[in-house]
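Predicted model and sequence follow; I will ask about them next.
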Amino acid sequence: MDIGISTASYFNKMQIEDAILDIGAHGIPVCEVFLNTFSEYEPPFIELLAERLSRANVSVFSVHPMSMQFEPQLFSIHPRQREDALAIYERVLTAGKRLGARYYVMHGPARLFGGVKNIGLERISPILIDLAAVAASYGIQLTLENVSWCLFNDPSFGIRLQESTGGVIKHTLDVKQAVRSGFDPMDYIRAVGEHIVNLHLCDATRLSTGGVLYDMPGFGEYNFVAMLNLLAEKGYKGPAFIEVYSDMYSKIPTLYESVARVEQILSRSCFG
């Protein structure tokens, strides 16, 4: 299993194009490109990233846009909102194809402040199937990430989604978002593990107060060996990405200390 870094981990600490060079300089073979804003979806910027990736000898596994900028509107009941959002979605897919990404990481619509409307499975499933077909036309697989405040926040939803979409939707498993949703990440693996193709790592330590301390992968107490072994049982073939909030660390070298600790964890798992 390759260990990669998501450029999201550098948010507001280092721009993507510089983060790619930093990743390559540390011998990391693969990254997830997190595109922060509309200007970063444009061809001139994507060409800059392509040049930096080539120079750094880093491959792109997945592309992940700033989801709240347009993804909720992909599911809108208003046709113009959906059309405009679809045009942006295809810009990101075009960017992903140019960078060699195999997967698109989607959050989808939000479940905020009790204002959930029009996201029942009977309505959402056909839209997701259509969006997966659009992604496939670019050679990219659509993945729906588990996110505490978005569409897929409960493992049981993943089971129902797979039943209603016939398996055309795959998943990105995010450890911190699983815990934020009140579940163990392994609950999601048990539910939809055969459809998980991408992995975002963050550590989580349960506190005596009942809270959770989120930390760099390998710096906390989460049982990653058990989680990785369960993923292996489900046939997981992808990399593991360090994907953390940038306020979890103060200095860039901490990212690479986390990589080293994850390597040690992997050596004790089925992937070792």
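Thanks, I have it.

Quick check: nearest residue in space to residue 215, chain neighbours excluded?
Using CB to CB, 6 or more residues apart in numbering and skipping residues adjacent in sequence, the residue nearest residue 215 is residue 203, 4.3 Å away. In short, each C-beta sits where N, CA and C put it, glycine included.

what's the pLDDT at the one you found?
Looking at residue 203, its pLDDT reads 97.

could you measure it against residue 260, distance?
Going from residue 203 to residue 260 by CB to CB, to the nearest Å gives 14 Å.

Compare these two (neighbour count), which wins?
Looking at residue 203 and residue 260 with other CB atoms under 10 Å, you find the greater number of neighbours at residue 203, namely 24 against 10.

before we move on, the earlier item: contacting residues around the residue nearest to residue 215?
175, 214-222 (CB atoms under 8 Å, 6 or more residues apart in numbering).

What about those, which are in helices?
Under the assignment DSSP state H, the contacts of residue 203 contribute residue 175 to helices.

Kindly provide the distance from residue 230 to residue 107.
24 Å.

Who has more neighbours out of the two?
residue 107 (23 against 17).

right, and the more buried one touches residue 146 too?
No. Using CB atoms under 8 Å as the test, residue 107 is too far from residue 146 to be in contact (9.5 Å).

joint contacts of the two?
By CB under 8 Å, 6+ apart, residue 107 and residue 146 have no common neighbours.

tell me the contacts of the closest residue to residue 218 other than its chain neighbours?
Nearest residue to residue 218, sequence neighbours excluded (CB to CB, 6+ apart): residue 261, at 2.6 Å. By CB under 8 Å, 6+ apart, the residues touching residue 261 are 216-219.

Residue 261: which element?
Using DSSP states H and E, residue 261 sits within helix 253-267.

quick one: buried residues of that helix?
Neighbour counts over helix 253-267 (16 or more other CB atoms under 10 Å) mark 254-256, 258-259, 261-262, 265-266 as buried.

now do stretch 232-242
For stretch 232-242, the neighbour count (16+ other CB under 10 Å) marks 236, 238-242 as buried.

Any idea how far apart the tips of it sit?
Stretch 232-242 stretches 18 Å from its first residue to its last (CA to CA, to the nearest Å).

can you check stretch 162-170 too?
With CA to CA applied, stretch 162-170 spans 9 Å between its terminal residues.

Pull out the buried positions in it.
Of the residues in stretch 162-170, 162, 165, 168-170 count as buried by neighbour count, 16+ other CB under 10 Å.
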